[in-house]
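A.B. asks: task: produce atomic coordinates for the following.
(2 chains)
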Amino acid sequence: DAGVIQSPRHEVTEMGQEVTLRCKPISGHNSLFWYRQTMMRGLELLIYFNNNVPIDDSGMPEDRFSAKMPNASFSTLKIQPSEPRDSAVYFCASSLTTREQFFGPGTRLTVL
Amino acid sequence: AQKITQTQPGMFVQEKEAVTLDCTYDTSDQSYGLFWYKQPSSGEMIFLIYQGSYDEQNATEGRYSLNFQKARKSANLVISASQLGDSAMYFCAMCMTTDSWGKLQFGAGTQVVVTP
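C.D. replies: Alright, predicted model coming up:
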């Protein structure tokens, strides 16, 4: 079975541009998480969904960030407008139970 | 709020030796789960092992075992017979299982370098 799929793997954009990160969770998993990893802040949870419904978005840094999960097999994380401090690796993860959580390969975002 | 502490920023270990990575946590909840992940230089997050707070036995997965000491709030990872491929960053994480969602909070990580 395929793991969590993320695209793009790398994204370089200029400040002010809109960025959309995509995630396909493992089939059958009902929870989806978006994390961000930076050297300064480590790994931090941004938002998570259960059965396609956003449960907690308190980790989203500001209104420039938004996430959607229109169906069980697809989620997006959008940054508009992007800023250099948004440069990070963004991970998507999915799970079926609280005893496991599988991560995608991540998207390395660079905002110039 | 819970907190995860990994006090070892980095360590060297010789191939074939065992290594213990420390993790302590702070929570007032009784029901929680503890995870260890490996992040090699390629960047992916690899799930290694899970321990539930009510699990009676310490978790083991191949060469990985979790030394769970609930009273001390510690969940140390033991890697036996280290291999060169074990060189990576290792993260301890915790989730509350009472909320059923499984959101993870991570420690700062420990960088392990395995030498020949």
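A.B. asks: find the nearest non-adjacent residue to the residue nearest in space to the middle of chain A, please.
C.D. replies: The structure's chain A has its C-alpha centroid closest to A:Trp34; by CA atoms, centre = their mean the separation is 3.5 Å. Leaving out its chain neighbours, the residue that sits closest to A:Trp34 by CB to CB, 6 or more residues apart in numbering or on different chains is A:Leu46, at 4.4 Å. Where you see a C-beta, it was placed from the backbone N, CA and C, and this is true even at glycine.
A.B. asks: ok, A:Arg41 - how many residues close by?
C.D. replies: Neighbour count of A:Arg41, defined by other CB atoms under 10 Å in any protein chain shown: 11.
A.B. asks: how much space between B:Thr7 and B:Gln111?
C.D. replies: Separation of B:Thr7 from B:Gln111 (CB to CB, to the nearest Å) stands at 13 Å.
A.B. asks: next: A:Asp63.
C.D. replies: 35 Å.
A.B. asks: picking that back up, and the residue nearest to the centre of chain A, what does it touch?
C.D. replies: A:23, A:45-48, A:67, A:75, A:77, A:90-92 (CB atoms under 8 Å, 6 or more residues apart in numbering or on different chains).
A.B. asks: and for B:Ser65?
C.D. replies: For B:Ser65, the contacting residues are B:49, B:58-59, B:77-78, B:80, by CB under 8 Å, 6+ apart.
A.B. asks: which ones among those residues are found in strands?
C.D. replies: B:49, B:77-78 (DSSP state E).
A.B. asks: quick one: which of the residues you listed is nearest B:Thr24?
C.D. replies: B:Leu77 (12.3 Å; CB to CB).
A.B. asks: ok, back up a step: who wins for most neighbours among the ones in strands among the contacts of B:Ser65?
C.D. replies: B:Leu77 (28 neighbours).
A.B. asks: buried sites along the worst-scoring helix or strand of chain A on mean pLDDT?
C.D. replies: Here the helix or strand of chain A ranked lowest by mean pLDDT, DSSP states H and E is strand A:53-56, holding a mean of 92. Residues A:54-56 are the ones in strand A:53-56 that count as buried (16 or more other CB atoms under 10 Å in any protein chain shown).
A.B. asks: need the residues of chain A near chain B, please.
C.D. replies: Within chain A, the residues that sit near chain B (CB under 8 Å from any CB of the partner chain) are A:31, A:33, A:35, A:42-45, A:48, A:50, A:55-56, A:89, A:91, A:93, A:95, A:97-103, A:105-106, A:108.
A.B. asks: still on that earlier bit, out of the ones in strands among the contacts of B:Ser65, the closest to chain A would be?
C.D. replies: Using CB to the nearest CB, B:Ile49 is the member of those that lies nearest chain A, at 10.2 Å.
A.B. asks: ok, A:Thr13 - contacts?
C.D. replies: Contacts of A:Thr13 by CB under 8 Å, 6+ apart are A:19, A:82, A:109-112.
A.B. asks: could you rerun that using 6 Å?
C.D. replies: A:19, A:82, A:111 (CB atoms under 6 Å, 6 or more residues apart in numbering or on different chains).
A.B. asks: quick one: those residues as a markdown table, columns for secondary structure too.
C.D. replies: Shown next, in a markdown table, are the contacts of A:Thr13 (DSSP: H, G, I helix; E, B strand; the rest coil):
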| residue | secondary structure |
| --- | --- |
| A:Val19 | strand |
| A:Ser82 | coil |
| A:Val111 | strand |
